[in-house]
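>>> give me a 3D structure for the following:
(one chain, ligands or ions: 1)
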Amino acid sequence: AGLGERERAMVERRGRLLGPAYRLFYERPVHFVRGEGAWLFDAEGNRYLDCYNNVASLGHAHPRVVEAIARQAALLNTHTRYLHDTVLDLAEALLATMPASLGHVMFTCTGSEANDLALRIARAHTGGEGIVVTSLAYHGVTASLAELSPSLGEGVPLGRHVATVAPPDAYRGGPDMPARFAADIAAAFAGLRRHGIRPCALLVDTMFTSDGVFPDPAGLLAVAAAAAREAGALFIADEVQPGFGRTGTMWGFARHGVEPDIVTMGKPMGNGHPVAGLAIRPELLERFGRTVRYFNTFGGNPVSAAAGLAVLEVLRDEGLPANAAAVGAHLMEGLRALASRHAIIGDVRGAGLSIGCELVGDRGTREPATAETARIVNALRERRVLISASGPGANILKIRPPLCLTRDQADIFLGALDEVLTG
Ligand code: PMP
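Below is the predicted model:
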């Protein structure tokens, strides 16, 4: 409907060439040719406000990252089996943002590879296999991660060594929610043990993004990690989405006052360039390091390392975590003001620029407004604002703009949402 000639031809060509496994966003797909800051530009030159982004966190095509990539690519690109300073500088700069207990960094190209490596190391260290994840978790695209990513749906079966727990939903749960979450984790590991599967790791996105964005109460993850460790499992913080300043602090786990055993990272780490990795307590890597020779052809290459370093420098120089905290607070305040006029807004929650806005048919029953949410996402697209939804009822607006979002841009989003909710 309303698709231009050129876009219709592209959709057809795409299906013919790429096959049926890919999905486009929106009933009326968008064709972007350029990005700058929080704006994306389509082939006709129309600008769209990107409130969905979780990769180009510094803003699209940030000149300092582009320059760092170009400069290093023009000089040399090899791999981690030759000596090179840039990858060491990046490792050092990353560790400086982490608790002192984390002492080594390993590099991959994608968040999936980082999680896969974390699980291999955790297995080698614990001698166990059992993994606990949340009921709508997403942790990656490889075979080993798809089988512990229940958000992929029924067509992708969970592994026998995987158990799920309900996410820490502070909107639907009562005040005892953190204790219940910890008890669920303990019970999940005990259940695996009963089937002869020894505990290996609790793996969670520290903002529970695909479950529906559950940031509160701060401290919750400390209780959850304690339950995992009590069971003999490691606590792996998947920071692929929350990491690099999105939550207003450098890492999502920091809000919870917990020190993870392993931190995995990716997406915004290269602001669009594929660079990912993990940070780990050195003692956990001993056995794996003794028995495994790890080489990842592209992981930690000089160009990726230069991109990663530039990202850390820009985050610092432009004060982006602080901007995410300030503009995120302004956005949530605006959403709460909209809630006073639009009964469909049941809950607003978030940290920094990782925000969930839950839409319900009835504030009493909290029944998910699933169809209405899909209408709103598409109607926002027609107003050139990009956003998506998640959660079991697909009724939670996921708001994740680049960290450089200004208050004025936040107000553009709020204005568009107000119109769409009114219309
Ligand atoms: N973990 C989380 C929490 C993610 O959101 C994603 C990507 N959506 C991944 C891991 C996998 O990262 P990648 O797509 O880079 O493999």
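>>> residue 399 contacts residue 358, doesn't it?
No: at 11.5 Å, residue 399 does not count as touching residue 358 under the criterion of Cβ atoms under 8 Å. For glycine as for every other residue, the C-beta is placed from the backbone atoms N, C-alpha and C.
>>> what is the neighbour count of the residue of the stretch 1-150 of the chain found nearest the ligand?
Relative to the ligand, the nearest point of the stretch 1-150 of the chain is residue 111 (2.5 Å; Cβ to the nearest ligand atom). The number of residues packed near residue 111 is 27, by other Cβ atoms under 10 Å.
>>> which stretches of the stretch 251-400 of the chain form strands?
Applying DSSP state E, counting those that start in this stretch to the stretch 251-400 of the chain gives strands spanning 262-265, 276-280, 345-351, 354-362, 367-368, 385-386, 388-390, 396-399.
>>> run the chain-centre distance for the second one.
In other words, strand 276-280. 15 Å (Cα atoms, centre = their mean, to the nearest Å).
>>> out of the strands of the stretch 251-400 of the chain, nearest to the ligand?
Nearest to the ligand, of all the strands of the stretch 251-400 of the chain, is strand 276-280, at 6.0 Å by Cβ to the nearest ligand atom.
>>> check whether stretch 344-363 comes near the ligand.
No: legend: contact between stretch 344-363 and the ligand by Cβ under 6 Å from any ligand atom is lacking; minimum distance shown is 11.3 Å.
>>> buried ones in that stretch, by neighbour count?
For stretch 344-363, burial by neighbour count (16 or more other Cβ atoms under 10 Å) applies to 344-361.
>>> quick one: end-to-end distance for it.
End-to-end distance of stretch 344-363 (Cα to Cα, to the nearest Å): 8 Å.
>>> how far off centre is that stretch?
Put simply, stretch 344-363 sits 18 Å off its chain's centre (Cα atoms, centre = their mean).
>>> averaged pLDDT, that stretch. What do you get?
Mean pLDDT, stretch 344-363: 98.
>>> so residue 50 is in contact with residue 401, correct?
Yes: Residue 50 is in contact with residue 401 according to Cβ under 8 Å; the separation is 6.2 Å.
>>> please identify which of these two sits among more neighbours.
Taking neighbours as other Cβ under 10 Å, residue 50 and residue 401 compare with residue 401 leading, 30 against 23.
>>> wait, a helix at the more buried one?
No: assessed with DSSP: H, G, I helix; E, B strand; the rest coil, residue 401 is coil; it does not lie in a helix.
>>> list the contacts of it.
Applying Cβ atoms under 8 Å, 6 or more residues apart in numbering, we find residue 401 in contact with 38, 49-53, 353, 409-410, 413.
>>> per-residue pLDDT, residue 43?
pLDDT, residue 43: 89.
>>> tell me who's in contact with it.
6, 31-33.
>>> how about stretch 118-134, which residues are buried there?
Across stretch 118-134, burial judged by 16+ other Cβ under 10 Å covers 118-119, 121-126, 128-134.
>>> that stretch close to the ligand?
No: shown here: stretch 118-134 not in contact with the ligand (Cβ under 6 Å from any ligand atom), separated by at least 10.4 Å.
>>> mean confidence score for that stretch?
Stretch 118-134 shows an average pLDDT of 98 in the prediction.
>>> and stretch 273-282, by the same measure?
Averaged across stretch 273-282, pLDDT comes to 98.
>>> go through it and flag the buried ones.
273-281.
>>> with stretch 61-71 instead?
62, 65, 68-69.
>>> go on, stretch 186-204?
186, 188-189, 192, 197-204.
>>> one more: stretch 26-35?
Across stretch 26-35, burial judged by 16+ other Cβ under 10 Å covers 30, 35.
>>> which residues does it contact?
Contacting residues not belonging to stretch 26-35 are listed as 1-3, 6-7, 10-11, 40-43, 48, 50, 56, 60-61, 377-378, 381-382, 386 [Cβ under 8 Å, 6+ apart].
>>> how about 10 Å then?
1-4, 6-8, 10-11, 14, 24, 40-48, 50, 53, 56, 59-62, 272, 374-375, 377-378, 380-382, 384, 386, 388, 402 (Cβ atoms under 10 Å, 6 or more residues apart in numbering).
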